[in-house]
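>>> Sequence plus the predicted model coming up.
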Amino acid sequence: MYQLHAFKKEYDDLFKYLNRLSASFPSPSFLFETGNYIADAILSEKQVNSPDNISIEFDGVIPSNIDNTDLCIILSNALDNAVEASCLCAGDKVINVYGAFTHGYFLLKIKNPTVNTNVNGKMTTTKADKLNHGFGLANIKRTVNKYSGYISINCEENFFTLNITFSNFSAND
């Protein structure tokens, strides 16, 4: 029962988020040009609302034919996690986001600095309220699975890397 309630709340929160996001950028001027206006808006919003010592850098392309809700779940959760992890690190931090097509696959990579949160081979939330947090990666995985995709995570040398591969996906879809 809790998971169903949390899932409905997520979509309600997502709807509110998208409305706030579109209202915060009344003109089509974004900080990023990915090829997908939703991705442009999400990346821009995350950059604008991140602390000054955190920068987001994007390279590549994000397709416009990914469902907007799915893209929002993936990018928003991944970037929220990346910003949160980066905030725990000292100095200036860069979150790298890369998107590309290759041989019928779409690849999305997000890499950020982090303190080691890998406990017994499993990533855990750094928030105190573990009961109501720590669902971001699970939501990303569930969404990626809808596209017959693959997700891998790596946490080493104070960097967290999220690699997502969407199979049977091309720039021409």
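Happy to help now that I have it. Numbering: from 1, shown residues only.

>>> Only C-alpha atoms from now on, for both contacts and neighbour counts.
Noted.

>>> What is the neighbour count of Ala39?
Using other C-alpha atoms under 10 Å, Ala39 has 23 other residues around it.

>>> quick one, helices of the protein?
Remark: helices assigned in the chain by DSSP state H are 2-24, 37-48, 68-87, 136-146.

>>> among the ones you listed, which gets the worst mean confidence?
Within the helices of the chain, confidence is poorest for helix 2-24, with a mean of 62 (mean pLDDT).

>>> so what's Tyr37 closest to, chain neighbours aside?
Spatial nearest neighbour of Tyr37, excluding adjacent residues (C-alpha to C-alpha, 6 or more residues apart in numbering): Ser64 at 7.6 Å.

>>> Make sure that neighbour is actually in contact with Asp40.
No. Counting by C-alpha atoms under 8 Å, Ser64 does not reach Asp40; the two are 10.7 Å apart.

>>> Neighbour count: those two, which is higher?
Using other C-alpha under 10 Å as the criterion, Ser64 and Asp40 rank with Asp40 on top: 19 against 16.

>>> for the more buried one, what are its contacts?
Contact analysis of Asp40 by C-alpha atoms under 8 Å, 6 or more residues apart in numbering lists Phe30, Leu31, Phe32, Glu33, Thr34.

>>> Quick check: chain neighbours aside, which residue is closest to Phe58?
Counting by C-alpha to C-alpha, 6+ apart, Val97 is the residue found nearest to Phe58 once chain neighbours are left out, at 4.8 Å.

>>> pLDDT score for the one you found?
You'll see Val97 listed with a pLDDT of 98.

>>> Report how many residues lie close to it.
Neighbour count of Val97, defined by other C-alpha under 10 Å: 22.

>>> Quick one: residues contacting it.
By C-alpha under 8 Å, 6+ apart, the contact set of Val97 is Ile56, Glu57, Phe58, Asp59, Leu108, Lys109, Ile110, Lys111.

>>> Tell me what the first one is bridged to.
The residues paired with Ile56 through beta bridges, assigned by DSSP bridges, are Ile95.

>>> count of residues packed around it?
For Ile56, the neighbour count with other C-alpha under 10 Å is 23.
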